[in-house]
Structure formats: C-alpha cells, structure tokens
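A.B. asks: Make a model of this:
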Amino acid sequence: MLQAIELTKQYVPGQPPSLDALNLTVQPGEIYCLLGQNGAGKTTTINLFLGFLPPTSGQALINGLNVAEYPQETKKFLAYLPETVMLYPNLTGLENLDFFAQLAGFRHTPDELHSLLSRAGLQTEAHGKRVGTYSKGMRQKVGIAIALAKQAKALLLDEPTSGLDPKASNEFSEILTGLAQSGTAILMATHDIFRAREVGTRIGIMRAGHLVESLSASDLTANELEAIYLQTV
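C.D. replies: Numbering: from 1, shown residues only. The predicted structure follows:
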C-alpha cells in the first residue's frame with residue numbers, strides 16, 4: 001500500500017539530503033514505526049507520502065500510484081494524523097467529523113457518525129460537546145474517526161502519542177491495532193521506543209536521512225530495541 005523507492009529529498013543544493021535513497025514498504029495490515037532523533041528524516045518521509053513536498057529523486061507510491069504524478073488520486077487512499085489534530089474548536093466532535101467526511105466526498109447519517117466516533121474510542125457523551133473542550137487524546141480519536149469515515153486504506157501519523165498520558169496512549173495503541181487488523185496500512189513516525197515495540201509490526205531506525213535498521217517487532221523485547229536504538233543513533 002505504501003512504498004518508497006530510492007526516495008530522496010535535498011532541501012539545499014550542496015548540502016547532505018534530509019532523506020537519502022529511502023526504500024521501504026508497508027503492506028495492508030502492517031504498522032511500520034519509524035524511530036529516530038529530530039532531523040533523522042521521519043517527518044520528511046511522511047510529508048513526501050502526503051505530497052506536501054516534491055522529491056528530489058526517487059518515488060513515493062501509494063497503492064502503486066506515484067504521489068508526485070497523481071497527487072489528488074493518491075490522497076483518496078490516505079488519512080493523516082499530525083502531532084496536533086487540527087479541528088474546529090467551536091464545532092462538536094460530531095460536526096467536525098461530518099464536515100471533514102463531506103470534504104472528502106463521503107456523506108454519513110447521524111447514526112453512522114456516532115458509530116464512527118464510538119469505534120474510534122470517543123465516549124458517547126463527548127460526541128455533542130465542542131472540540132475546544134477536548135483533551136489531546138479526544139482530538140486524536142476524532143482524527144481516527146475521520147480516517148474511518150474516509151475509508152482510508154493507509155494512515156500516516158507523525159508523533160501521535162506525544163503529550164498523551166499513559167492511559168490515553170494505551171487506548172490509542174489499541175485503536176491502531178484494530179485498524180491494522182481491519183487491513184489498514186499504517187506508517188507512524190515516533191520517538192516512543194516502547195510504544196513502537198508494543199504496537200508496531202516492523203520498526204525502522206533512521207539516522208541522518210538514512211534507514212539504518214529495519215526490524216521485526218516480534219523478534220525484540222523493548223529493552224533489546226532500546227539498546228539497538230541507542231547504538232544506532
């Protein structure tokens with residue numbers, strides 16, 4: 001569903017690229033977690049798949065389509081959760097979901113919207129409250145509901161658990177696991193080693209624009225992953 005082929009991004013000519021010849025694939029049902037320090041290339045990778053940046057060379061493919069050549073078509077397969085989900089604070093969770101779903105070309109009944117928010121883990125009593133009163137974890141759940149409403153085949157996340165308390169982070173991980181089990185391909189950039197080990201199918205470690213390790217999460221304990229990470233970065 002997601003594939004990078006020699007994907008490269010150089011912001012300043014003559015300077016080292018921010019992303020250098022990245023090769024990776026994320027299959028339907030996989031959660032691929034990208035670990036690395038700030039500046040390692042994680043967010044650049046996400047932005048290239050989103051079409052926010054043009055690649056210097058190489059390709060970002062979504063469902064076999066080149067993002068640079070088919071920017072609108074590829075967006076139909078995607079949902080994106082940044083570190084802070086941007087919603088309209090004066091609208092309710094239900095109204096935000098309805099608006100963004102319609103923006104993507106999907107119309108749902110009120111019952112369907114409620115069901116999507118509940119599936120994303122948002123408490124029923126919060127559906128009709130203004131998003132301005134929501135915690136970060138609640139806003140993330142609305143973001144997940146939007147992905148469900150769009151029937152997204154791939155989900156891109158950039159530091160989604162940053163700032164969440166342990167309970168909210170654990171709930172979010174359970175939601176991601178459920179999405180993967182339903183066939184969604186998930187690529188997540190994160191600093192959270194232990195959350196990556198818990199939720200990830202595969203884990204990539206990036207350094208200075210290079211993918212230097214690609215590991216199966218099931219083959220490692222959290223402590224082993226931390227040791228590899230520290231040796232690598």
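
A.B. asks: Would you map out the domains in the chain?
C.D. replies: Annotated domains of the chain cover 1-77+156-233, 88-152 [automatic domain parsing].

A.B. asks: Export those domains to CSV and append columns for mean neighbour count and mean pLDDT.
C.D. replies: (C-beta placed from N, C-alpha, C; glycine too.) Compiled in CSV, these are given as follows (neighbours: other CB atoms under 10 Å; pLDDT from 0 to 100):
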stretch, mean neighbour count, mean pLDDT
domain 1-77+156-233, 18, 92
domain 88-152, 18, 94
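
A.B. asks: Does anything pack onto the top helix by length along the chain? Which helices or strands?
C.D. replies: In the chain, with assignment by DSSP state H, the single longest helix is helix 166-181. Under the contact definition 3 or more CB pairs under 8 Å, 6 or more residues apart in numbering; DSSP states H and E, helix 166-181 sits against strand 31-35, helix 136-149, strand 185-189, helix 193-199.

A.B. asks: try 10 Å this time
C.D. replies: Contacts defined by 3 or more CB pairs under 10 Å, 6 or more residues apart in numbering; DSSP states H and E place helix 166-181 against strand 31-35, strand 78-81, helix 110-119, helix 136-149, strand 154-158, strand 185-189, helix 193-199.

A.B. asks: Can you lay out those as TSV showing distance to Glu95?
C.D. replies: Conversion of the helices and strands packed on helix 166-181 to TSV gives the following (distance: least, CB to CB, whole Å):
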stretch	distance to Glu95
strand 31-35	30
strand 78-81	18
helix 110-119	9
helix 136-149	10
strand 154-158	22
strand 185-189	27
helix 193-199	30
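
A.B. asks: Among those, single out whichever gets nearest to Gly209.
C.D. replies: With distances scored as CB to CB, the stretch of these nearest to Gly209 is strand 31-35 (12.1 Å).

A.B. asks: what's the closest of the helices and strands packed on helix 166-181 to Ala222?
C.D. replies: Distances from Ala222 to each of the helices and strands packed on helix 166-181 were compared using CB to CB; the minimum, 4.5 Å, belongs to helix 193-199.

A.B. asks: after the closest one, next one along is what?
C.D. replies: Past helix 193-199, further along toward the C-terminus, the next helix or strand under DSSP states H and E is strand 202-207.

A.B. asks: got the angle for the longest helix of the chain vs helix 136-149?
C.D. replies: 10 degrees (axes from the mean of the first three to the mean of the last three CA atoms, to 10 degrees).
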